[in-house]
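K.L.:
Using only what follows, build the 3D model:
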Amino acid sequence: MQELFFKGEFIKLGQALKLAGVVGSGVDAKMLIGNGEVKVDGSTETRRGRKLFGGEIIEFEDYEVKVVSNDN
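P.N.:
Sure, this is the predicted structure:
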């Protein structure tokens, strides 16, 4: 499982997918999320702007990404 570290209070799901290298662009992220192909903590997520605060697990096909806040 890959870990994605971010700074700040939260990161949006579409941004997280791009930073993790799961998708190449925001348009790709929007399509995958809108089509119900992405899960967060085991549940299908269709909101690209879903805020992730750390500890969540994003799943898409063979990708698993754990979101980790780097904010202290």
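K.L.:
Low-confidence bits of this structure, can you list those?
P.N.:
72 (pLDDT under 70).
K.L.:
Next up, phi/psi of residue 44, please.
P.N.:
phi -60, psi 130 (degrees, to the nearest 10).
K.L.:
got it, and the one 3 residues further on?
P.N.:
Backbone dihedrals for residue 47, given as degrees, to the nearest 10, come out at phi -100, psi 110.
K.L.:
Distance from the longest helix belonging to the chain to the middle of the chain?
P.N.:
Once the chain is assigned using DSSP state H, the helix that runs over the most residues is helix 26-34. Offset of helix 26-34 from its chain centre (Cα atoms, centre = their mean, to the nearest Å): 11 Å.
K.L.:
Show me what the helix or strand just after that helix is in contact with.
P.N.:
Using DSSP states H and E, the helix or strand that directly follows helix 26-34 along the chain is strand 39-40. For strand 39-40, contacts defined as Cβ atoms under 8 Å, 6 or more residues apart in numbering pick out 13, 45, 50, 52, 56, 57, 58, 59, 60. Backbone N, C-alpha and C define where each C-beta goes, glycine included.
K.L.:
In this structure the fifth one contacts residue 64, no?
P.N.:
No. No contact is recorded between residue 56 and residue 64 when judged using Cβ atoms under 8 Å, the distance being 11.2 Å.
K.L.:
Please enumerate the helices of the chain.
P.N.:
13-19, 26-34.
K.L.:
And residue 4, how far from residue 55?
P.N.:
From residue 4 across to residue 55, the span is 12 Å (Cβ to Cβ, to the nearest Å).
K.L.:
out of these two, which sits in the more crowded spot?
P.N.:
residue 4 (21 against 10; other Cβ atoms under 10 Å).
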